[in-house]
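[1] After the sequence you'll find the predicted model.
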Amino acid sequence: MPLPPPPPRGASAPLGVFDSGVGGLTVLKELRRALPHESFVYLGDTARVPYGPKPPEMVRGFATEIAHALLGRGVKGIVIACNTASAAALPELADRLPVPTWGVVEPGVAAALGRAPGGRIGVLGTQGTVASRVYQDRLERAGAITWARACPLFVPIVEEGVSDTAIARLVASHYLEGRPPLDAVILGCTHYPALKGVLAEVLGEGVTLIDSAEAVAAVVARDLRRLGLLAPAGGRAGVRYLVTGDVPSFLHAAEVLGGPAGTYEQLPVTDLSLGPAERAR
Ligand code: DGL
């Protein structure tokens, strides 16, 4: 498949956002709040979710394919609204793409360090994110004491739209068993904000939950302003959703997460595949 032609990337062009599934909608929601005039193309790679247990080089390949698909749709910037893909593909992707590219890890680390005065910070994430130590290394370099746990069952629970149920509570108790005293817990997967209620209940009072979505949106808004790429007021601020898997299932989970209305299209995952030579470019 040839690389897409260079897109028009003026301020009126949409922003691309992607995740393995519905998790990135938690970031999209904050982006829309911070950037009310922007239009978005959201790609949910539900045909290949979950990314968490997959090898990082495979996730990097998926992220590269998706970035090219978004560039082909004329985006002016790309938000990797997925911790697993941010851990596996940033900064390489940011270096190689012709548009500004943001991940979700750095803003989450900054938010946690600002809100955990005792410096005891828990990290919940996918297997890929936790194994990469992308959070632990940054936090420990800043003097924090960390405790991390991979929570693979959380993603299907959120994708199934059963985040606020006894199933979720039971699984959360299982993953949080044996934790040391903590001041803050980073929701190191963009699916997890859907579990905030359940996690707050299990963690109890005195533990601050860090959801990086707001911090990510603030960084993207700041950079777009600096680059002169903020969409002009009065534009069409809609969302175009591209879903590689089943659209009705995505819609169901998106509704549970309060995803905004928009147009939904099925994008066959085979349309995303790049040859090895194109991947390397
Ligand atoms: N929402 C993603 C993340 O932030 C991916 C979860 C998955 O696909 O395993 O890591």
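    Okay, I see it.

[2] contacts, neighbours, all on C-alpha from now
    OK.

[3] List the residues that contact the residue in the stretch 151-281 of the chain that the ligand sits nearest to.
    Closest residue of the stretch 151-281 of the chain to the ligand, CA to the nearest ligand atom: residue 189 (3.2 Å). Counting by CA atoms under 8 Å, 6 or more residues apart in numbering, residue 189 makes contact with 23, 82-84, 124-126.

[4] In the stretch 51-200 of the chain, what residue spans correspond to strands?
    78-80, 101-102, 120-125, 145-150, 184-188 (DSSP state E, counting those that start in this stretch).

[5] ok, residue 24 touching residue 194?
    No: with contact defined as CA atoms under 8 Å, residue 24 does not count as touching residue 194 (10.9 Å).

[6] okay, and the common contacts of these two?
    By CA under 8 Å, 6+ apart, no residue touches both residue 24 and residue 194.

[7] Output the set of residues of the protein in proximity to the ligand.
    When proximity is defined as CA under 6 Å from any ligand atom, the chain approaches the ligand at 19-20, 23, 49-52, 82-84, 126, 155, 189-191.

[8] Out of those, grab the one that's most surrounded.
    residue 84 (35 neighbours; other CA atoms under 10 Å).

[9] Look at that residue and report its pLDDT.
    For residue 84, the pLDDT comes out at 98.

[10] Skipping its backbone neighbours, what lies nearest it in space?
    Nearest non-adjacent residue to residue 84, counting by CA to CA, 6 or more residues apart in numbering: residue 129, 5.0 Å away.

[11] Next one: residue 231 from residue 110, what distance?
    27 Å (CA to CA, to the nearest Å).

[12] picking that back up, would you list the strands of the stretch 51-200 of the chain in JSON lines and tack on mean pLDDT and distance to residue 169?
    Formatted as JSON lines, the strands of the stretch 51-200 of the chain follow (pLDDT from 0 to 100; distance: least, CA to CA, whole Å):
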{"stretch": "strand 78-80", "mean pLDDT": "98", "distance to residue 169": "28"}
{"stretch": "strand 101-102", "mean pLDDT": "98", "distance to residue 169": "32"}
{"stretch": "strand 120-125", "mean pLDDT": "98", "distance to residue 169": "15"}
{"stretch": "strand 145-150", "mean pLDDT": "98", "distance to residue 169": "16"}
{"stretch": "strand 184-188", "mean pLDDT": "97", "distance to residue 169": "16"}
